[in-house]
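Visitor: Sequence first, then the predicted structure, then my questions.
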Amino acid sequence: MPRSRINGNFIDKTFSIVANILLQIIPTTSVEKEAFTYYRDGVMSAQSEGNYAEALQNYYEAMRLEIDPYDRSYILYNIGLIHTSNGEHTKALEYYFRALERNPFLPQAFNNMAVICHYRGEQAIREGDSEIAEAWFDQAAEYWKQAIALTPGNYIEAHNWLKITGRFE
């Protein structure tokens with residue numbers, strides 16, 4: 001049984017009902033509908049329940065079926081989120097890059113990439129390598145600048161960090 005039919009959360013049930021109605025009334029192909037169903041099930045199992053392996057299976061199947069680059073960007077972004085949550089930062093960065101190749105207007109992908117780079121900079125400091133740390137922090141700054149440029153007023157903590165560290169132009 002598809003995950004969307006067994007989830008007990010009221011909000012998830014409501015989302016599933018609305019999504020099913022939209023799938024019936026919006027003129028889409030059966031492949032597009034199937035791709036969305038896998039995407040929806042991936043979101044619900046990953047973000048709502050933490051079943052990352054199942055979520056990845058759903059996302060990979062959605063990627064196999066989905067042809068629209070914009071829709072694929074969100075699938076790739078969500079795969080990146082799972083890898084970030086699992087501490088697989090190199091894989092996460094790869095998926096965020098791939099998402100941005102298809103949709104360069106994903107500030108959340110830039111933000112997540114910046115967070116990973118900042119984290120790696122902090123790791124380098126703990127390891128006593130200030131030169132490597134600065135390179136990671138500079139990369140984080142570039143990603144945060146892109147996220148802020150796309151959504152001014154968001155990412156206030158990042159904006160403040162950029163100012164405090166002298167990286168805001």
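Guide: On my side now, so go ahead.

Visitor: Just give the number of residues close to residue 63.
Guide: If you count neighbours by other Cβ atoms under 10 Å, residue 63 ends up with 18. C-beta here means a position set from N, CA and C on the backbone, and glycine is covered the same way.

Visitor: who's in contact with it?
Guide: Residues counted as contacts of residue 63 (Cβ atoms under 8 Å, 6 or more residues apart in numbering) are 72, 75, 76, 79.

Visitor: May I ask which helix or strand encompasses the last one?
Guide: Same thing as residue 79. helix 69-85 (DSSP states H and E).

Visitor: In JSON lines: the contacts of residue 63, plus neighbour count, distance to residue 117 and pLDDT.
Guide: JSON lines is the format used below for the contacts of residue 63 (neighbours: other Cβ atoms under 10 Å; distance: Cβ to Cβ, whole Å; pLDDT from 0 to 100):
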{"residue": "72", "neighbour count": "20", "distance to residue 117": "24", "pLDDT": "94"}
{"residue": "75", "neighbour count": "27", "distance to residue 117": "23", "pLDDT": "92"}
{"residue": "76", "neighbour count": "25", "distance to residue 117": "19", "pLDDT": "96"}
{"residue": "79", "neighbour count": "26", "distance to residue 117": "19", "pLDDT": "94"}
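
Visitor: By mean pLDDT, point me to the weakest helix or strand of the chain.
Guide: helix 3-6 (a mean of 45; mean pLDDT, DSSP states H and E).

Visitor: what packs against the helix or strand encompassing residue 39?
Guide: If you go by DSSP H and E, residue 39 is part of helix 30-43. The helices and strands touching helix 30-43, judged by 3 or more Cβ pairs under 8 Å, 6 or more residues apart in numbering; DSSP states H and E, are helix 3-6, helix 10-25, helix 52-65, helix 69-85.

Visitor: just for the chain, where's the confidence low?
Guide: Filtered on pLDDT under 70, the chain yields the residue ranges 1-20, 22-24, 27, 42, 44-47.

Visitor: Which neighbouring residues are in contact with the residue minimising distance to the centre of it, exactly?
Guide: In the chain, the residue lying closest to the centroid (Cα atoms, centre = their mean) is residue 77, at 3.3 Å. Residue 77 sits next to 95, 96, 99, 106, 108, 109 when contact means Cβ under 8 Å, 6+ apart.

Visitor: Which of the residues you listed ranks first by neighbour count?
Guide: residue 109 (29 neighbours).

Visitor: Surely it is in contact with residue 93?
Guide: No - Residue 109 is beyond contact range of residue 93, at 9.8 Å (criterion: Cβ atoms under 8 Å).

Visitor: Having no further points to raise, I will conclude here.
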